[in-house]
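> Give me coordinates for this.
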Amino acid sequence: MVEFKCPGHNQDPIPEEALKEAGVTFPNAYTDKNEIAALATVLKKYRDDVFTRVPFCVTVEAEAFGAQIKMGDAWHRPRPHGRRFSSIEDLSGIQTPDISEGRMGEVLDAVAILAESGEKVILNIVGPFTILYSLINFTFFYNGLRKNPAQVREIMAVIEKSVIQYGMEGVKRGASIISYEDAVGVPDVTGPEIYQDFSGPSSLRIINGIKEAGGTFLIHLCGRTSAALENTGMVRSYTIKAGKALTYDQALERLLDKLTQPIVVGHKCIAWGSMKMDQSLIWGIKLN
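The predicted structure follows:
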């Protein structure tokens, strides 16, 4: 049994000094490619990271599907503001969004700006249950899932297709790491049966789909996501020696330099980048 204690999302306020140095304002820092890139560059320095990281919230994909998002500011990250859909029947009409439009497009453009300037970029993406959480009250969602599972599978297929496209395009634009999480879709939230039948297999399809982008990049799974997959027998983990890396970011950077094909890693938090490692080990994830 793999155990992973989630440290929680880094929701600390963005330092005022960082905002001034980046020259950004809100909500543009969440919606404009140039300001996203500028803030990511400055935050990398303030956090003593190796990588720049975009976007700064987990609502970009949901907004592309029509979620009502309150943009926020330096103190509060973008978050759902009500739920657009009130039933599975309403939700079943969603279409795969154009990833070149809206905030998805701005984030992808920011990835390209950063990569072209020599930055090593992490693109953070989320899975279907996290997206659905911003679209529909989960009481309605679970009721619909029990009554019409086939309809839910159709909805999730549309979302999966979009997430795969988003991740693959991120790689094409120059992202070194695709960081994937579906924290709302883990068994202690969904229950073991829904996880086994819906959430877990959905994450596997997305991971496999993004790997098809080719090249040399990492898919980094949230520790909760990777632990859930291994504990249900969907993946297996193995250790990768990181050499004399001092921090987790440095270990990932060294691994990237050695890659000849995309690989998946997990069982750690991508937010641990600047933390010193007790053991210089990375956990590789092999999909069954």
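
> Does L255 lie in a helix or a strand, and which?
Applying DSSP states H and E as the criterion places L255 in helix 248-258.

> Who does the helix or strand just after that helix pair with, and is each partner parallel or antiparallel?
Next along the chain after helix 248-258, taking DSSP H and E as the criterion, comes strand 263-266. According to DSSP bridges, strand 263-266 forms sheet pairs with strand 218-221 (parallel), strand 281-287 (antiparallel).

> would you list those in a markdown table and tack on mean neighbour count?
For every residue, glycine as well, the C-beta is placed using N, CA and C. Putting these into a markdown table (neighbours: other CB atoms under 10 Å) gives the following:
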| stretch | mean neighbour count |
| --- | --- |
| strand 218-221 | 24 |
| strand 281-287 | 17 |
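
> where in the stretch 101-250 of the chain is pLDDT low?
Counting by pLDDT under 70, the stretch 101-250 of the chain shows no low-confidence range.

> Now do the strands in it.
Along the stretch 101-250 of the chain, the segments classed as strands by DSSP state E, counting those that start in this stretch run 121-126, 175-181, 218-221, 235-241.

> Remind me what the last one packs against, helices and strands.
Contact partners of strand 235-241 among helices and strands, from 3 or more CB pairs under 8 Å, 6 or more residues apart in numbering; DSSP states H and E: helix 223-231, strand 263-266, strand 281-287.

> ok, and the closest non-adjacent residue to L19?
A74 (6.0 Å; CB to CB, 6 or more residues apart in numbering).

> neighbours around that neighbour, how many?
Residues near A74, counting by other CB atoms under 10 Å, number 16.

> re earlier: compare the helices and strands packed on strand 235-241 and report which one is nearest to Q250.
Closest approach to Q250 among the helices and strands packed on strand 235-241 (CB to CB): strand 281-287, 10.9 Å.

> Run the angle between that closest one and strand 235-241 for me.
With axes from the mean of the first three to the mean of the last three CA atoms, to 10 degrees defining the directions, strand 281-287 sits at 150 degrees from strand 235-241.

> Who are the contact partners of the residue nearest the centre of the chain?
With distances taken as CA atoms, centre = their mean, I125 lies nearest the centre of the chain, 2.4 Å away. Neighbour list for I125: 61, 163, 166-167, 170, 178-181 [criterion: CB atoms under 8 Å, 6 or more residues apart in numbering].

> Bridged to it, which residues?
Y180.
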